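Colleague: need the 3D shape of this:
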Amino acid sequence: MSNGSLRRLTARVFLPLVCAGVGAVVASVTSSAATPDFQPTSVAFLDREHGVLAREDWSCRKERGCAAQILVSSDGGNTWRATHRTTMSVRPYSIRGTRQVWASTGKDVLESRDGGISWRRGLPYPAAAIAFADSSHGWLLPAGSMFDRPKPLLETGSGGANWRRIGDPCRRQWALTVALSRPTPREGWIACVSQASTGFQGKEVWSTGDGGKTWQLRARTKFPGLPGAARFPEKGNLPGFGYVTGIDFLPNGHGWLWEGRGWLLTTHDAGTSWRRSSITKADVLAAQSASLVSDRLGYVLLRGCNARLVRTTDGGVRWKTVERWGSPTRC
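Modeller: Numbers count the residues shown, from 1 in each chain. So this is what the prediction gives:
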C-alpha cells in the first residue's frame, strides 16, 4: 500500500470509525444532506494565536479532485476563515516562530509566508510529509511511496528552491517512512512503519543530530512475520497497536506521535520511552492531527463522535476544548 493510500484510509475510514468500540458496528452515512460537507482533517500552529486548518469534503465520493479548503485563525483557534480552495487531501506544516507554513494538497505543495493568508505553488507534486526547521532548512517526502518502491527523502537548504536526496534509515523492503519532524537544522526525527494488519503495525522512530548524515534508533516495535525482521530487536515501549500518522518534536527531545486507531503518545527522552495521553482512547477517540508549539503549549485535533480542537497550556496535564464541529459519524 502506498503512503498516500494509507493516509487516505486513516482520514476517511479509520477516523470516522473510532467512536465505535471493538466489535461494534457503525452505520455508514447514506445521505449527504445530513452530512456536513466539510470536515476538519489537519491542523498546524505557528504560536499560541496563529494556526492553519485544513478541511475536506467528506461527502465527495470521487477518487481524486474532491474539494478542500485551508483556513486560518488569529485567536488561538476560536474562529477560522477560509483563505484558499484546493483539492484533498491537505496537510499543513508550520515553522514555529515564523509566519511560514507549507501545505501538501492532492496535486501540489504550497507555501505561505504570511501565516496562511496567501499561498504560492512550491512544488508541482504532493508530499507525504514535510518538516522545516527554519525558512531555509527542510525535509520533504514525496507522496506515493510503496514498500517495494519507496520515494527518496529530500532535503533543502535554500527554502525549497533546490532539493537533494539524503539517507533514510527506513528504506528497507518492509519499512516505509511516514512522518517527519525537524525542529533545528541539525536535529530531526522520522517514523517508519510496516504494512498495517488488524490494528497493528511495526514501527520505528529514528533521530539525527547532524542534519540526516547519521541516524540513531530511538524506539522499535516488533515487525511480525516480515522477512529479515526477526534480527531487529525491540527497543523502548512504542506500542504496536495503531497506525502512525504524524510526529512533532522540540529541540529538547520532547515529542508527540499520533496514530489512527491508537493514541496520542508523548515522549521526553527523544523518542525512546512513550506515554499514552489521556485525551485519546484506542478505537474510540483518536488524535487526527497535532501541533506541538512549546513544552507547555500544544494543539490536538481529536475525532470520535465529533471533531474537537483542544489545547494544553501545561504540557498535557489538562486540556481545553477550543472549537467543536459536527461529524457524520453516528455513535
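
Colleague: make it CA atoms for all contacts and neighbour counts henceforth
Modeller: Fine.

Colleague: for the spatially closest residue to residue 323 that is not a sequence neighbour, helix, strand, or coil?
Modeller: For residue 323, ignoring the flanking residues on the chain, the nearest one in space by CA to CA, 6 or more residues apart in numbering is residue 309 at 5.2 Å. Three-state assignment for residue 309 (DSSP: H, G, I helix; E, B strand; the rest coil): strand.

Colleague: any idea how far residue 61 is from residue 309?
Modeller: 26 Å (CA to CA, to the nearest Å).

Colleague: quick one, which of those two is more surrounded?
Modeller: residue 309 (24 against 9; other CA atoms under 10 Å).

Colleague: need the mean per-residue confidence for stretch 86-100.
Modeller: What stretch 86-100 shows for mean pLDDT is 96.

Colleague: now stretch 294-312
Modeller: For stretch 294-312, mean pLDDT rounds to 96.

Colleague: do the same with stretch 201-221
Modeller: Summarised as a single mean, pLDDT over stretch 201-221 is 95.

Colleague: please enumerate the strands of the stretch 201-331 of the chain.
Modeller: Remark: strands assigned in the stretch 201-331 of the chain by DSSP state E, counting those that start in this stretch are 203-208, 216-220, 243-249, 255-260, 264-267, 275-276, 286-292, 298-303, 307-312, 320-325.

Colleague: cool, the stretch 51-200 of the chain as well?
Modeller: Listed in chain order, the strands of the stretch 51-200 of the chain (DSSP E, counting those that start in this stretch) span residues 51-57, 67-73, 81-87, 91-94, 101-104, 109-112, 120-123, 127-132, 138-142, 153-156, 164-166, 176-181, 188-193.

Colleague: touching the fifth one from outside, list them.
Modeller: Put plainly, it is strand 101-104. 89-95, 109-113, 115-116, 126-130 (CA atoms under 8 Å, 6 or more residues apart in numbering).

Colleague: ChimeraX command for the buried members of those residues?
Modeller: Buried subset of those, written as a ChimeraX selection, criterion 16 or more other CA atoms under 10 Å:
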select :89,90,91,92,93,94,95,109,110,111,112,115,116,126,127,128,129,130
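
Colleague: ok, residue 238 - contacts?
Modeller: Contact analysis of residue 238 by CA under 8 Å, 6+ apart lists 203, 219-221, 272-274.

Colleague: quick one: residue 178 and residue 129 touch, right?
Modeller: Yes - using CA atoms under 8 Å, residue 178 is in contact with residue 129, at 6.9 Å.

Colleague: now render the strands of the stretch 51-200 of the chain as CSV, adding distance to residue 318.
Modeller: Shown next, in CSV, are those (distance: least, CA to CA, whole Å):
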stretch, distance to residue 318
strand 51-57, 20
strand 67-73, 22
strand 81-87, 27
strand 91-94, 24
strand 101-104, 27
strand 109-112, 32
strand 120-123, 37
strand 127-132, 27
strand 138-142, 32
strand 153-156, 36
strand 164-166, 39
strand 176-181, 24
strand 188-193, 26
